[in-house]
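Q: model this:
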Amino acid sequence: MKFAYKFFLMTLVLSWVSAGAMVSNIKSTKPVSGNVPTSAAPSANPVSNAQVFVCTNKWCREKGSDATMATFSFLTDKDNVPVVPVNCLGRCNKGPNIRILTQDNAFIEASAVRSVESVVSLLQVSLSLI
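A: Numbering: from 1, shown residues only. Below you'll find the model as predicted:
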């Protein structure tokens with residue numbers, strides 16, 4: 001991705017932050033045992049099986065999921081932690097919603113992920129990144 005495009009995305013995200021809120025409703029689930037659902041199958045990368053799923057359905061998009069996805073994409077290494085758009089994660093009235101598959105196969109879910117600070121906090125807590 002060219003520098004100018006990344007700069008544009010970060011400018012868009014930072015301008016959007018003033019209207020944003022911190023992460024609310026963070027929920028962690030137990031490690032996944034057995035078969036992982038196809039929509040949440042770990043990546044084929046041997047370094048990490050962590051993934052970030054961002055809802056891009058209508059209601060979350062209206063609440064800023066495109067900027068949330070751009071922020072995750074900008075701050076993570078695409079090869080080790082892919083950021084995947086998904087259709088719906090439920091809780092549409094609390095979007096944008098995200099789900100993180102951690103390296104130990106546990107899911108962390110969060111709603112109202114509307115700011116750069118909330119994305120950074122989730123990456124630090126769930127994946128020990130940044």
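Q: Spit out the contact partners of N57.
A: Taking CB atoms under 8 Å, 6 or more residues apart in numbering, we find N57 in contact with 65, 87-88, 92. In this view, the C-beta of every residue, glycine as well, is placed from N, C-alpha and C.
Q: hmm, 7 Å instead?
A: 87-88 (CB atoms under 7 Å, 6 or more residues apart in numbering).
Q: separation between it and S128?
A: N57 is 29 Å from S128, where distance means CB to CB, to the nearest Å.
Q: Just list what the strand or helix carrying D66 packs against, helices and strands only.
A: D66 is part of helix 65-75 when elements are defined by DSSP states H and E. Contacts defined by 3 or more CB pairs under 7 Å, 6 or more residues apart in numbering; DSSP states H and E place helix 65-75 against helix 3-17, strand 51-55, strand 83-86, helix 116-127.
Q: so for it, what's the average pLDDT?
A: Average pLDDT, helix 65-75: 93.
Q: Worst mean pLDDT among the helices and strands packed on helix 65-75?
A: Ranked by mean pLDDT, the helices and strands packed on helix 65-75 end with helix 3-17 at the bottom, a mean of 50.
Q: pretty sure V113 is in contact with G95, am I right?
A: No: using CB atoms under 7 Å, V113 is not in contact with G95; the gap is 8.4 Å.
Q: Brilliant, that's me finished.
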